[in-house]
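Student: Give the three-dimensional model of this entry:
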Amino acid sequence: MFPLQSIIGLGVRANSRTAVRCQSNLIDILEQVSKGQLEPQEAAKLFPEASQDETLKKFANLDHHRSLRVGFPEAIFAQGKTAQQVARILDDMAFQQNEAVDTTTVAKTAILATRVDQEMYETLSEYNFRHGVIDYYKDARIVSMKASGTTELPVLPKTRVVVVTAGTTDIPVAEEAAVTLEATHGCHVDRVNDAGVAGLHRILRALPTLTHPDVGCVIVCAGMDGALPSVVGGLVSVPVIAVPTSIGYGASFGGISAMLTMMNSCSPGVGVVNIDNGFGAAAMAYKFVRRLG
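Tutor: Just a heads-up that it's a prediction; the model follows:
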């Protein structure tokens, strides 16, 4: 649908327009200073936006057209980054969305930063964002930014995903998946929590939700023995994405035991992502359901 040549051309045209606009803005600012119409101190405040791209290149090389190629936008993995780096990347991505006049697909998606702890969020909340506003989802550890020039993302029909947890302690990983789906692509997400195999009646009680005709995929997050995805895989007709979590102790080996159980599932149609990888599960789920919408 989007040939590589078209995507490359889109990027070149967008970058060219931005470069010309920034150069024009800089000249206007300098002329105002030379004529005494603008104080140098005030002019200095206007330069960061124009030089933003060059500054970012020192620590980030952003992929603004990823969603055009693969159907899912780039997100910021905040763990290991400084709050300043995350803030600069968020603001630049919002700036690019506001400039993305060639496609409404890019302009409608939220911008996510994952693995953001409370301390980092508090720092980010004090940052003077120029091109959007942020929200924080504490359980998911996600910051979602809405670019100032975008509109609300509508919930798409038939892009329904069920996110299931085996236990309450699996909820942070599950919320990373759920919030990613809701914020970036307007998927309808149903949550079924604490439905592990120690009480099979709980997952059976959720069958009406799991088997709803609009559901295109089920994400199951489980630590400990990791058995729940196999059970769900034997109850539904849609793909099941198993997410092993690091919940457990002793021989659980930080989620490795759960992962091996899931990879050896006897239920057909169960796929496995990395330990605690809620974001990866969301990306895969969306690729399953996007053509149903």
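
Student: need the strands for the stretch 151-293 of the chain, in chain order.
Tutor: 160-165, 188-192, 215-222, 240-244, 270-272 (DSSP state E, counting those that start in this stretch).

Student: Pull out the buried residues from the shortest one.
Tutor: Going back to what we said before, that points to strand 270-272. Val270, Gly271, Val272 (16 or more other Cβ atoms under 10 Å). Placement of C-beta: from N, CA and C, glycine included.

Student: Neighbours of the residue nearest to Gly223 when sequence neighbours are not counted, how many?
Tutor: Spatial nearest neighbour of Gly223, chain neighbours left out: Ile247 (3.0 Å); criterion: Cβ to Cβ, 6 or more residues apart in numbering. Ile247 has 23 neighbours, counted by other Cβ atoms under 10 Å.

Student: What of Glu119?
Tutor: With other Cβ under 10 Å as criterion, Glu119 counts 9.

Student: Equivalent analysis for the one 10 residues further on, please.
Tutor: Phe129 has 16 neighbours, counted by other Cβ under 10 Å.

Student: quick one, what contacts it?
Tutor: Going by Cβ atoms under 8 Å, 6 or more residues apart in numbering, Phe129 touches Ala87, Leu90, Asp91, Ala94, Met145.

Student: Kindly reformat the strands of the stretch 151-293 of the chain as TSV containing distance to Gly280 and mean pLDDT.
Tutor: Shown next, in TSV, are the strands of the stretch 151-293 of the chain (distance: least, Cβ to Cβ, whole Å; pLDDT from 0 to 100):
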stretch	distance to Gly280	mean pLDDT
strand 160-165	13	96
strand 188-192	16	95
strand 215-222	10	96
strand 240-244	8	97
strand 270-272	10	96
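
Student: of the ones you listed, which approaches Val133 most closely?
Tutor: Closest approach to Val133 among these is made by strand 188-192 (22.3 Å; Cβ to Cβ).

Student: Show me what that closest one is in contact with.
Tutor: 155-156, 159-165, 174, 178, 181-182, 203, 206, 209-210, 212, 214-215.

Student: Derive a ChimeraX selection command for the buried subset of these.
Tutor: Buried residues among the contacts of strand 188-192 (16+ other Cβ under 10 Å), as a ChimeraX selection:
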select :159,160,161,162,163,164,165,174,178,181,182,203,206,210,215
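
Student: Kindly provide the distance from the closest residue to Met262 other than its chain neighbours to Thr261.
Tutor: Leaving aside its chain neighbours, Met262 sits nearest to Ala242 (4.0 Å; criterion: Cβ to Cβ, 6+ apart). In this view, Ala242 and Thr261 are 9 Å apart by Cβ to Cβ, to the nearest Å.

Student: Pull up the overlap in contacts between these two.
Tutor: With Cβ under 8 Å, 6+ apart, Ala242 and Thr261 have common neighbours Gly226.

Student: Look at those two and report which has more neighbours.
Tutor: Counted by other Cβ under 10 Å, Ala242 and Thr261 do not tie: Ala242 has more neighbours, with 27 against 20.

Student: Give the bridge partners for the more buried one, please.
Tutor: Beta-bridge partners for Ala242, by DSSP bridges, are Val220, Val272.

Student: residues in contact with stretch 247-263?
Tutor: 167, 169-170, 222-227, 229-230, 242, 244-246, 270, 272, 274-276.

Student: Can you give me the neighbour number for Arg291?
Tutor: Applying other Cβ under 10 Å, I find that Arg291 has 10 neighbouring residues.
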